[in-house]
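Enquirer: here's a sequence, model it:
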Amino acid sequence: MTEFKNRILSIVNLFHSIKDENLHWQQINQSRQTKLKQDRIIAEKELATDLKKRSVQLEHDISLLRTKHETELSMFKTKCRQDISDYKDYLKSLDRLKSSIKNSYPHLPEAVAYTIHHHAKYLLHQMWEANDCEQKMLHEMQLITFMTTAHEDARLYLQGGVTGDLPENTLKLIQSS
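Expert: Down below sits the predicted model:
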């Protein structure tokens, strides 16, 4: 039985020595563990602070972008409204051109007046749909030339400066395009 007792005492001593070593290790490393815990707490606080700063910056950036896009959208809407107004003005001008031609040439078949009007609308549409500025200017010059020629034909006819019953110069422009 003493042997059994000795074994138990050995086990108990082993257990105590392991416990003592663990306690000794903890005492030696306690300052290091405390520093690690403090470093972790500081790092977590720094991370939280950094996240708050980034969140505020992100909200600010989003606000700036929103304001910028709202301003751009407002300017675009204004431009579109102005474009629509300009287009309507052009169409009214073309309607006046058609009326002027009808009034100036009372014997002119209505189909010819509509053809002239339709061609002017076609030129307007081409000008309006042109993507690059150079093309837009080219189409605008064609439209201006066409409208000027049509008005000049009507003026000359009313003043008796033309012998025919048709707006010849206007019809030549339609044929050439």
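Enquirer: rest of the way, CA atoms for contacts and neighbours
Expert: Fine.
Enquirer: immediately after the host helix or strand of Thr34, which helix or strand?
Expert: Using DSSP states H and E, Thr34 falls within helix 2-104. Next along the chain after helix 2-104, taking DSSP H and E as the criterion, comes helix 110-129.
Enquirer: now do that following helix against helix 2-104, angle only.
Expert: Orientation check (axes from the mean of the first three to the mean of the last three Cα atoms, to 10 degrees): helix 110-129 against helix 2-104 gives 150 degrees.
Enquirer: could you shift the numbering so residue one becomes 506, and keep it that way?
Expert: Got it, first residue is 506 now, which makes that one helix 615-634.
Enquirer: pull out the buried positions in stretch 649-665.
Expert: The neighbour-count check on stretch 649-665 (16 or more other Cα atoms under 10 Å) flags Phe651, Met652, Thr654, Ala655, His656, Asp658, Ala659, Arg660, Tyr662 as buried.
Enquirer: need the contact partners of that stretch.
Expert: 602, 605-606, 609-610, 625, 667-668, 672-675, 678 (Cα atoms under 8 Å, 6 or more residues apart in numbering).
Enquirer: which one of those is nearest to Ile589?
Expert: Ala625 (17.5 Å; Cα to Cα).
Enquirer: from Asp658, how far out is that closest one?
Expert: Distance, Ala625 to Asp658, using Cα to Cα, to the nearest Å: 15 Å.
Enquirer: and if you look at Ala635?
Expert: Computed as Cα to Cα, the Ala635 to Asp658 distance reads 28 Å.
Enquirer: repeat for Ser609
Expert: For Ser609 relative to Asp658 (Cα to Cα), the value is 9 Å.
Enquirer: also Asp555?
Expert: 77 Å.
Enquirer: swap in Lys593?
Expert: 24 Å.
Enquirer: could you do Leu569 as well?
Expert: For Leu569 relative to Asp658 (Cα to Cα), the value is 57 Å.
Enquirer: which residues of this protein score low on pLDDT?
Expert: Applying pLDDT under 70 to the chain picks out residues 506, 667-668.
Enquirer: what's the helix or strand for His644?
Expert: With DSSP H and E as the test, His644 turns up in helix 638-663.
Enquirer: tell me the angle the helix or strand just after that helix makes with helix 615-634.
Expert: Next helix or strand after helix 638-663 toward the C-terminus (DSSP H and E): helix 673-681. Put simply, helix 673-681 runs at 60 degrees to helix 615-634, going by the same axes, to 10 degrees.
Enquirer: elements contacting helix 673-681?
Expert: Counting contacts by 3 or more Cα pairs under 8 Å, 6 or more residues apart in numbering; DSSP states H and E, helix 673-681 packs against helix 615-634, helix 638-663.
Enquirer: okay then, goodbye and thanks.
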